[in-house]
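Enquirer: give me a model of this one.
(2 chains)
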Amino acid sequence: MNVVYYCFGSAHSSIISAAIHLNRLPDYRMIEEKELKSLPDFDASFKDGIGTLYFKGHDEYGNKVFTLGVGAEQPFVIESIKSVITASGGNLNDYMFFQALPHINRMAKIGGALSRRYGWVHWGRSLCIKGIVQCYGDLIEFVKSVKAELRQTMEARDKMLIKG
Amino acid sequence: MKILYYSEGDGVPAIVEALRHVGRLPNDRAVYPNEVETVLKQLAYSEQPKGQWISLGKDGSGNDVYACGTNHSKEILERAWAHFVNLAGDSMADWSWIDVDSKQSGAVKK
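Expert: Below you'll find the model as predicted:
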């Protein structure tokens, strides 16, 4: 299974979500600012990176985990990507797309935009980190729900394989 | 080979070019808006989810022909498509991508 966390620029919410998913950030406690700063791909993407699929690693079930920035037209872009997968002979059942952006707060979004879009890296990154520390519990819940859905989907597929 | 015609916005110019490619619209003259509207209705274009491609079947050489709009996300989609073609196990060499906006305009009579 290919698990794709997507957000605006693949710099913040999708990066944190993928890191929690891959157990590179804790899912049992709140986070400290220095832990976020130590993530090499946090607040690191550039405009040219929007639309680029980044492979982040395999999770404990063997699924491939990716992040993707899709810009402002998120449902539209995802629908187009599903079309290219199908036209390329891929099976949409092998892909799961999860929108990470709604799971961070306004402070993180504003900070992220200041840093990545407007180049105010010092102020923007600092604000973004404070915002993410505040809403980290929501991100944990989000990733736990993703993993629960993933487990359900994988179990359903296993049952179908056994029946088939 | 697979061929995608694409254009900004709702993709109507791309669909027109793709329809000409597969012979469902005339190739030797400009088409009229009512001709385009008729075909778009037949394709149930307005009922499709926004962003989804239209499959127009095969051309005379057996190529699969598609069309889509890119709204305001053309550059993003151009990058993303390439990644997902590879992830799906397909080869970019099997694809032809035609950006209709960069071709000459005037496909549809005003």
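Enquirer: and the least confident helix or strand in chain B by mean pLDDT, what other elements does it pack with?
Expert: Across the helices and strands of chain B, the lowest-confidence element by mean pLDDT, DSSP states H and E is helix B:33-42, at a mean of 89. Counting contacts by 3 or more C-beta pairs under 8 Å, 6 or more residues apart in numbering or on different chains; DSSP states H and E, helix B:33-42 packs against helix B:12-21. To be clear about C-beta, it is placed using only N, CA and C from the backbone, and glycine gets the same treatment.
Enquirer: the longest helix anywhere in chain A - contacts with which helices or strands?
Expert: Selection of the longest helix in chain A by residue count, based on DSSP state H, yields helix A:121-163. Judged by 3+ C-beta pairs under 8 Å, 6+ apart, the packing partners of helix A:121-163 are strand A:2-7, helix A:13-21, helix A:33-37, strand A:95-99, helix A:106-116.
Enquirer: for chain A, what lies in contact range of chain B?
Expert: Within chain A, the positions adjacent to chain B are A:2, A:50-53, A:68-73, A:75-85, A:87-90 by C-beta under 8 Å from any C-beta of the partner chain.
Enquirer: buried subset of these, written for ChimeraX?
Expert: Entered in ChimeraX, the line below selects the buried ones among the residues of chain A next to chain B, by 16 or more other C-beta atoms under 10 Å in any protein chain shown:
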select /A:2,50,51,52,53,68,69,70,71,73,76,77,78,79,80,81,82,83,84,85,87,88,90
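Enquirer: in strands only, show me the residues of chain A next to chain B.
Expert: Among the residues of chain A next to chain B, the ones falling in strands (DSSP state E) are A:2, A:53, A:68-69.
Enquirer: I'd guessed residue B:24 sits against residue B:56; true?
Expert: Yes - applying C-beta atoms under 8 Å, one finds residue B:24 in contact with residue B:56, separated by 7.1 Å.
Enquirer: these two: who's more crowded?
Expert: Neighbour count, other C-beta atoms under 10 Å in any protein chain shown: between residue B:24 and residue B:56, residue B:56 has more, with 21 against 17.
Enquirer: what's the pLDDT at that one?
Expert: The confidence metric pLDDT takes the value 93 at residue B:56.
Enquirer: hang on, the earlier thing: in a markdown table: the ones in strands among the residues of chain A next to chain B, plus pLDDT.
Expert: Converted to a markdown table, those look like this (pLDDT from 0 to 100):
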| residue | pLDDT |
| --- | --- |
| A:2 | 97 |
| A:53 | 97 |
| A:68 | 97 |
| A:69 | 96 |
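Enquirer: nearest to chain B, out of those: which one, please.
Expert: For those, the minimum distance to chain B (C-beta to the nearest C-beta) is 3.8 Å, reached by residue A:53.
Enquirer: ok, the nearest residue to residue A:136 once chain neighbours are set aside - contacts?
Expert: Using C-beta to C-beta, 6 or more residues apart in numbering or on different chains and skipping the chain neighbours, the partner closest in space to residue A:136 is residue A:31 (4.8 Å). By C-beta atoms under 8 Å, 6 or more residues apart in numbering or on different chains, the residues touching residue A:31 are A:25, A:132-133, A:136.
Enquirer: biggest separation within the residues you listed, which pair?
Expert: Using C-beta to C-beta, the contacts of residue A:31 reach their maximum pairwise distance at A:25 and A:133, which is 11.5 Å.
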